[in-house]
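**Student:** Sequence unavailable; structure follows:
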């Protein structure tokens, strides 16, 4: 499937590596406190892309994800700052949180970016 929204393609490209880094470092932070700084850096990178806004993006799935992602990233960061990698990761993976919710979670980001390189 080809994505015909240049702004969406640019956002998906910008998010691909930070989201991958967040996934890997988030898992590691559960078991190894030394991984917490990398997870925090990944959250900051994803947040920076979110801060670019949604101008030029019409994808309902991306817009749904974008509307809720900042709050969950903030909560993940708070958990990491408190030294609780497990709580941060749970926010990323728990079925009842925004990241895996079928309407607003990272599932939505993946669906919105489907067809973009690396997704």
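**Tutor:** Here it is on my side, so go on. Just so you know, these numbers come straight off a predicted model, no measurement behind them.

**Student:** So the most centrally placed residue in the chain versus residue 82, what's the distance?
**Tutor:** Taking CA atoms, centre = their mean, the centroid of the chain lies closest to residue 19, which sits 5.2 Å from it. For residue 19, the distance to residue 82 equals 23 Å [CB to CB, to the nearest Å]. Yep, even glycine has a C-beta here, placed from its N, CA and C like the rest.

**Student:** Low-confidence stretches in this structure?
**Tutor:** For the chain, the stretches with pLDDT under 70 are 1-2, 94-105.

**Student:** pull the longest helix from it.
**Tutor:** In terms of residue count, the longest helix belonging to the chain (DSSP state H) is helix 6-31.

**Student:** after that one comes which helix or strand?
**Tutor:** Per DSSP states H and E, helix 6-31 leads on to helix 36-50 as the next helix or strand towards the C-terminus.

**Student:** got the buried residues for the next helix or strand after that following helix?
**Tutor:** Heading C-terminal from helix 36-50, the first helix or strand you meet, by DSSP H and E, is helix 60-81. Of all the residues in helix 60-81, those buried under the rule 16 or more other CB atoms under 10 Å are 61-62, 64-66, 68-69, 72-73, 76-77, 79-80.

**Student:** how big is the angle separating helix 60-81 from helix 6-31?
**Tutor:** Orientation check (axes from the mean of the first three to the mean of the last three CA atoms, to 10 degrees): helix 60-81 against helix 6-31 gives 30 degrees.
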